[in-house]
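Trainee: Structure for this input, please:
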Amino acid sequence: MYKYYLGSDIMFLETSIWSWILPIALGLGLGIVLATRKNHDYTKIIVLNAEDFRLNMRKGQLIDIRSEAEFAIKRINGSRNFPKKTIYQNIFRLRVDQPIFLYDKTQSKMLKAVSRKLVRKGFHPVYVLAGGLEKWQFSVKEF
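Mentor: The predicted structure follows:
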């Protein structure tokens, strides 16, 4: 700790090296993080109603993110199953050059997280079925 006496006054200023190095380091760190951060365009996530989803789903990859047990019981014909977080491990199986059509049982928060992750990984556009499989009024494959 340093003490500075100013002139003949009794006033002094105590300072520590950490009192000025810490704010500088934090400021530089925050600046680097903000400068290198990528802005992702989440407008590439498009929520479609069931009719529009059905008309366009054959133009891309149809992915079901429900559990394997739910997928085995009922699914949209032609869909592949990547249960929720396993899609991150199997992302190499998806083609970047084709749109992705995602659905879940309902339009859950996990579906939003998966679609945002796919956009961050370079997949676009990502289409999401509004309301999920519960709102699907067309034919399904049941076992």
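Trainee: State the distance from Lys59 to Leu48.
Mentor: With distances taken as Cβ to Cβ, to the nearest Å, Lys59 is found 12 Å from Leu48. For glycine as for every other residue, the C-beta is placed from the backbone atoms N, C-alpha and C.
Trainee: pLDDT below threshold where in this protein?
Mentor: For the chain, residues meeting the criterion pLDDT under 70 lie at 1-15.
Trainee: about what we covered before: out of Lys59 and Leu48, which sits in the busier spot?
Mentor: Per other Cβ atoms under 10 Å, whichever of Lys59 and Leu48 has more neighbours is Leu48, with 17 against 11.
Trainee: Tell me which residues touch that one, please.
Mentor: Contacts here follow Cβ atoms under 8 Å, 6 or more residues apart in numbering; on that basis Leu48 touches Asn56, Tyr127, Val128, Leu129, Ala130.
Trainee: how about those residues in a markdown table, adding secondary structure and distance to Gly78?
Mentor: Formatted as a markdown table, the entries for the contacts of Leu48 read as follows, by DSSP: H, G, I helix; E, B strand; the rest coil; distance: Cβ to Cβ, whole Å:
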| residue | secondary structure | distance to Gly78 |
| --- | --- | --- |
| Asn56 | helix | 13 |
| Tyr127 | strand | 14 |
| Val128 | strand | 17 |
| Leu129 | strand | 13 |
| Ala130 | coil | 19 |
